[in-house]
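Chemist: Next comes the sequence, and after it the predicted model I'd like to discuss.
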Protein chains: 2
Amino acid sequence: MTEELSPDLVLLWRLRETPKRGPKPGLMVDDIVTAAVEVADAEGLDAVSMARVAAHLGNSTMALYRHIKSKRELLMLMADAALEEPPEFPADADWRAGMTLWARGVFAAVSRHRWFVHIPISAPPFGPRNLMWFDRALGTLRGLDLPHEIKYSLVMGLVTYVQGGYRLALDLAAGYAENPAPFSGSYAAGLRKVVDPHQLPALAEMVADGFFEGAEDFEPSDTGDFDFGLSVYLDGVAAQIERFTR
Amino acid sequence: MTEELSPDLVLLWRLRETPKRGPKPGLMVDDIVTAAVEVADAEGLDAVSMARVAAHLGNSTMALYRHIKSKRELLMLMADAALEEPPEFPADADWRAGMTLWARGVFAAVSRHRWFVHIPISAPPFGPRNLMWFDRALGTLRGLDLPHEIKYSLVMGLVTYVQGGYRLALDLAAGYAENPAPFSGSYAAGLRKVVDPHQLPALAEMVADGFFEGAEDFEPSDTGDFDFGLSVYLDGVAAQIERFTR
DNA sequence: CCACTACTGCGTATGAGATACGCGAATTAG
DNA sequence: CTAATTCGCGTATCTCATACGCAGTAGTGG
């Protein structure tokens, strides 16, 4: 019954037993991942090439392939490493406080590793850190008498919303930092030029009222907008909980 | 006062006037974008290289650069092209029906162009189609006496949630199609091997109850999960509307 | 202590991809 | 006609991921 474990799983959970024969490895998977994370933190995900990571380690490019099958695998490992350990959640917090803390925790981790949101996802969460965060999110609903399926869906929604929101915020911030005025001076000025009140009535109304005027600054530290969005989702969660527990 | 328009804007809105001198162009921006979209539809976003798109058009690679400054620009144009025209929304629908229709419309468009969710966003929405969809979303809140800022935030939340949800769903489906059993047989089997009840109590509980057992199939046609998430968010919107209008 | 075996690091080579640069041909304004 | 443009595209450079295989190393069984 000791079924074969998949290579991805072995890698993510560092389950490979150290070989008896052969030379001592001068390099470990963790070293590679750490180096890749450092490169990404400093210069962004695009700067993470096998050559770049190897140089950061003082090794040659091809040495990495002894420990990692492909760059895809490296990215998968980075995605787990970026999430760090989730913080301790107070046991007495209700679900809403818990989810808010959870979102802030994700924000803290992602802020330190902004490239996280760009790693392509191709499989359900499976790394140790990913599962830890998933567990903590589920944990906020502990004690509530909800079907597993509802809990799961509510948490998946939370994950989706939080990651989507951070991705949008960070992308805009990065785009803005790189090119502060993509559309002739300002977003508002650009909109005024192309928005036709007949074609886009609702938008035109906001433009006319000057709503976009001050909004040049897309700093993600400006979490006000994001927090509001989160509270909207949490209001929805509250409604569902009420519906199911009454 | 005729301020200079930015190149991106000119390109997105096709505002460049046709030059008087020189040979007739045998190629237009729209041809290139259409070809790129066809390639992406058929073989995915990774297959979209300048060479591939040019070959699809029967032109040489470098010919494209006469019309497009960089691949980034091409992707930007593709992102707008993928969104097609939004459908007509019934005028008598309330905001909730409107947002639901909106989400379904996005789903329909994205389903035809699954690569859409992978195009990196680096600036606020500005293409004609993007603004059209944005306007329609704002339009669902017409007639409600809400501050612009609240409407804007509610719509941004909707966009975030819907795109995030589709991205997740499509990525998992793609990953599953490519590698149906990434973790020794099944997700459930893999989880059973690595989830420690002391480390991950909430998750372990679900695993023990067999919750993940049947969930091998990550088909995005399975919109039930997504619809539920959307309804959660819309419940939140309802709560906000109630708070602000009464 | 020796041969064997399972490993290690890494050099070389291949093939794709983006894109700078600039040439020569086409087209029209004056 | 001549000069001003603008077009298509060939050539070349640089960056990457990665297949392949060699040579050296450390336990192991004789």
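Modeler: Looks like it came in fine.

Chemist: Now do the same contact list for residue A:30.
Modeler: residue A:14 (CB atoms under 8 Å, 6 or more residues apart in numbering or on different chains). Bear in mind the C-beta positions are built from the backbone N, C-alpha and C, glycine included.

Chemist: distance between the helix or strand hosting it and the chain's centre?
Modeler: Element membership for residue A:30, per DSSP states H and E: helix A:29-43. The gap between where helix A:29-43 is centred and where its chain is centred comes out at 17 Å by CA atoms, centre = their mean, to the nearest Å.

Chemist: Next: stretch A:16-34.
Modeler: 28 Å.

Chemist: So which bits of that stretch are buried?
Modeler: A:27, A:29, A:31-34 (16 or more other CB atoms under 10 Å in any protein chain shown).

Chemist: hmm, the top helix by length along chain A touching DNA strand C?
Modeler: In chain A, taking DSSP state H as the definition, the longest helix is helix A:148-178. No - counting by CB under 7 Å from any atom of the strand, DNA strand C is not contacted by helix A:148-178; separation bottoms out at 13.6 Å.

Chemist: who does that helix touch, helix- and strand-wise?
Modeler: helix A:95-112, helix A:128-139, helix A:224-245, helix B:148-178, helix B:201-208, helix B:224-245 (3 or more CB pairs under 8 Å, 6 or more residues apart in numbering or on different chains; DSSP states H and E).

Chemist: Any residue of the shortest one touching chain A?
Modeler: Yes - in this structure, helix B:201-208 sits against chain A according to CB under 8 Å from any CB of the partner chain; the contacting residues are B:201-204, B:206.

Chemist: tell me the average confidence for stretch A:192-205?
Modeler: Regarding stretch A:192-205, the rounded mean pLDDT is 94.

Chemist: Endpoints of it, how far apart?
Modeler: Taking CA to CA, to the nearest Å, stretch A:192-205 runs 11 Å from one end to the other.

Chemist: ok so, going back, name the residues of the longest helix of chain A that are buried.
Modeler: A:150-176.

Chemist: follow-up on the earlier one: scan the residues of helix B:201-208 next to chain A and report the most crowded one.
Modeler: residue B:203 (24 neighbours; other CB atoms under 10 Å in any protein chain shown).

Chemist: which SS state does the residue nearest the centre of chain A fall under?
Modeler: Chain A has residue A:117 as the residue nearest its centroid, 4.1 Å off, counting by CA atoms, centre = their mean. Recorded secondary structure, residue A:117: helix (DSSP: H, G, I helix; E, B strand; the rest coil).

Chemist: Now do the contacts for it.
Modeler: A:110, A:163, A:166-167, A:170-171.

Chemist: Out of those residues, which is nearest to chain B?
Modeler: Distance to chain B, by CB to the nearest CB, is smallest for residue A:171 among these, at 4.6 Å.

Chemist: Count the neighbours of the closest residue to the closest one other than its chain neighbours for me.
Modeler: Nearest non-adjacent residue to residue A:171, counting by CB to CB, 6 or more residues apart in numbering or on different chains: residue B:121, 4.6 Å away. Close neighbours of residue B:121, defined as other CB under 10 Å, add up to 17.

Chemist: Let me know the helix or strand that residue B:121 is in.
Modeler: Judged by DSSP H and E, residue B:121 forms part of no helix or strand.

Chemist: and it, what is it in contact with?
Modeler: Counted by CB under 8 Å, 6+ apart, residue B:121 has contacts A:167-168, A:171-172, A:175, B:79.

Chemist: mind putting these in TSV, pLDDT included?
Modeler: TSV is the format used below for the contacts of residue B:121 (pLDDT from 0 to 100):
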residue	pLDDT
A:167	90
A:168	88
A:171	85
A:172	85
A:175	78
B:79	96
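
Chemist: Distance check, residue A:174 against DNA strand C.
Modeler: Residue A:174 sits 17 Å away from DNA strand C, taking CB to the nearest atom of the strand, to the nearest Å as the criterion.

Chemist: What of residue A:243?
Modeler: From residue A:243 over to DNA strand C (counting by CB to the nearest atom of the strand), the distance is 49 Å.

Chemist: Not counting residues beside it along the chain, what's closest to residue A:213?
Modeler: Nearest non-adjacent residue to residue A:213 (CB to CB, 6+ apart): residue A:188, at 4.9 Å.

Chemist: Hmm, residue A:73 and residue A:127 touching each other?
Modeler: No - taking CB atoms under 8 Å as the definition, residue A:127 is not a contact partner of residue A:73, at 11.7 Å.
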